[in-house]
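**Student:** Could you look at this predicted model? Sequence included:
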Amino acid sequence: MEMKDLSGAHLTNANLSGANLTLANLTLANLTLADLKDAIWMGTSCPDATNSDANGGTCCGHFNGAVPSAGCDQAPVALCGSE
């Protein structure tokens, strides 16, 4: 999934495990309960309009209050989805 415009998308409960979110625009996307384990964040516009590169290579912690089901709760913010 590269260079996709997912701004404002409703991705509640989406299985994005291992998704390549390089250059994706997730601004204002709803990622509540989405599975983000091992997602690849590079140049990704996060839901809060910050950039994953400026956030330590992740959008974890930048979901406008949405809480994913997996991928951000098991590792430090800079290592989102890593085991």
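**Tutor:** Perfect, I can see it now.

**Student:** Leaving out the residues flanking it, which one is nearest to the residue nearest in space to the middle of the chain?
**Tutor:** Centroid-nearest residue in the chain, with CA atoms, centre = their mean: residue 59, separated by 4.7 Å. Setting aside the residues directly before and after it, residue 59 is nearest to residue 46 in space (CB to CB, 6 or more residues apart in numbering), at 3.8 Å. (C-beta placed from N, C-alpha, C; glycine too.)

**Student:** That neighbour - how many residues pack around it?
**Tutor:** 26 (other CB atoms under 10 Å).

**Student:** Spit out the contact partners of it.
**Tutor:** 26-27, 52, 55, 59, 62-63 (CB atoms under 8 Å, 6 or more residues apart in numbering).

**Student:** what separates residue 38 from residue 19, distance-wise?
**Tutor:** 8 Å (CB to CB, to the nearest Å).

**Student:** Neighbour count for those two, which is higher?
**Tutor:** More crowded of residue 38 and residue 19, by other CB under 10 Å: residue 19, with 21 against 15.

**Student:** Make sure that one is actually in contact with residue 39.
**Tutor:** Yes. Between residue 19 and residue 39 there is a contact under CB atoms under 8 Å: 5.0 Å.

**Student:** hmm, back to that, now the buried members of the contacts of residue 46.
**Tutor:** 26-27, 52, 55, 59, 62-63 (16 or more other CB atoms under 10 Å).

**Student:** Farthest-apart pair in those, please.
**Tutor:** 27 and 55 (13.7 Å; CB to CB).

**Student:** which residues touch residue 28?
**Tutor:** Here residue 28 is in contact with 7-8, 47, 49, 64 (CB under 8 Å, 6+ apart).

**Student:** Kindly recompute the last result at 6 Å.
**Tutor:** Taking CB atoms under 6 Å, 6 or more residues apart in numbering, we find residue 28 in contact with 7-8, 47.

**Student:** try residue 16
**Tutor:** Applying CB under 6 Å, 6+ apart to residue 16 gives the contacts 34, 36, 39.

**Student:** Can you check the pLDDT for it?
**Tutor:** The per-residue pLDDT reported for residue 16 equals 94.
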